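A.B. asks: Using only what follows, build the 3D model:
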Amino acid sequence: MTKTPEEKLEELGHVLPPLRPSWGSYVSCVRVGNLLFTAGQGVDQYHGKLGNELTTEDGYLAARQSMLNLLSVVKNEVGELSNVKQFVKLLGMVNSTEDFIELPQVMNGASDLIGEVFEDKGKHGRSAVGMAQLPNNTAIEIEMIIEIEN
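C.D. replies: Numbering: from 1, shown residues only. Modelled structure (predicted):
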């Protein structure tokens, strides 16, 4: 018997957090056909710049938390995470110093988590970019596009 993504998350010691409130004039996701486009999700646990106040390991953990926040959005929208057909694209924005170059290692936190939970469905394209600043000085913000079952 195959485990559900929720069961795999629990097995890994993760609990999906409650939905975070929107801070502006937007919604947490928009569904267009079988594609779900999420708004960016930052984190409440990690603040500051990678390469200054925060380490690459802090960033990795922040990216995992951001992905958990995103999965809460997805679950709220589609009911069960087993309704995810394929992760298509992640965009990771990292609050970093100008000389911080370990952006891919930070984003691996999100990519590794969805790989552990969704296996082949978790394979995705990805961009990781450094930013001068992010809202509320959050360490990371990630948005994604996923394909969902009918």
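
A.B. asks: Can you give the contact residues for stretch 47-65?
C.D. replies: Under the contact criterion CB atoms under 8 Å, 6 or more residues apart in numbering, stretch 47-65 has outside partners 43, 45-46, 92, 94-97, 99-100, 102, 105-110, 112-113, 130, 136-140, 142. The way it works is simple: take the backbone N, C-alpha and C, and place the C-beta from them, glycine included.

A.B. asks: what about burial for those, which qualify?
C.D. replies: Using 16 or more other CB atoms under 10 Å as the burial test, these include 43, 46, 92, 94-96, 100, 102, 106-110, 113, 130, 138-140, 142 as buried.

A.B. asks: Could you point out which residue ranges in the protein have low pLDDT?
C.D. replies: Scanning the chain for pLDDT under 70 picks out 1.

A.B. asks: could you pull out the helices for it?
C.D. replies: 5-11, 56-78, 103-118 (DSSP state H).

A.B. asks: Let's have the ones you listed in CSV, adding distance to residue 124.
C.D. replies: Output for the helices of the chain, formatted as CSV (distance: least, CB to CB, whole Å):
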stretch, distance to residue 124
helix 5-11, 15
helix 56-78, 11
helix 103-118, 7
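
A.B. asks: For residue 33, find the nearest of these.
C.D. replies: helix 56-78 (13.2 Å; CB to CB).

A.B. asks: Tell me the buried residues in the closest one?
C.D. replies: For helix 56-78, using 16+ other CB under 10 Å, the buried residues are 56, 58-75, 77-78.

A.B. asks: Packing partners of the longest strand anywhere in the chain?
C.D. replies: For the chain, the strand that runs over the most residues, judged by DSSP state E, is strand 84-95. The contact analysis (3 or more CB pairs under 8 Å, 6 or more residues apart in numbering; DSSP states H and E) places strand 84-95 against helix 56-78, helix 103-118, strand 125-131, strand 140-148.

A.B. asks: Out of the ones you listed, which is closest to residue 27?
C.D. replies: Per CB to CB, nearest to residue 27 of the helices and strands packed on strand 84-95: helix 56-78, 9.6 Å.

A.B. asks: now the angle between strand 84-95 and the closest one, please.
C.D. replies: Helix 56-78 and strand 84-95 meet at an angle of 140 degrees, taking axes from the mean of the first three to the mean of the last three CA atoms, to 10 degrees as the criterion.

A.B. asks: Many thanks, have a good one.
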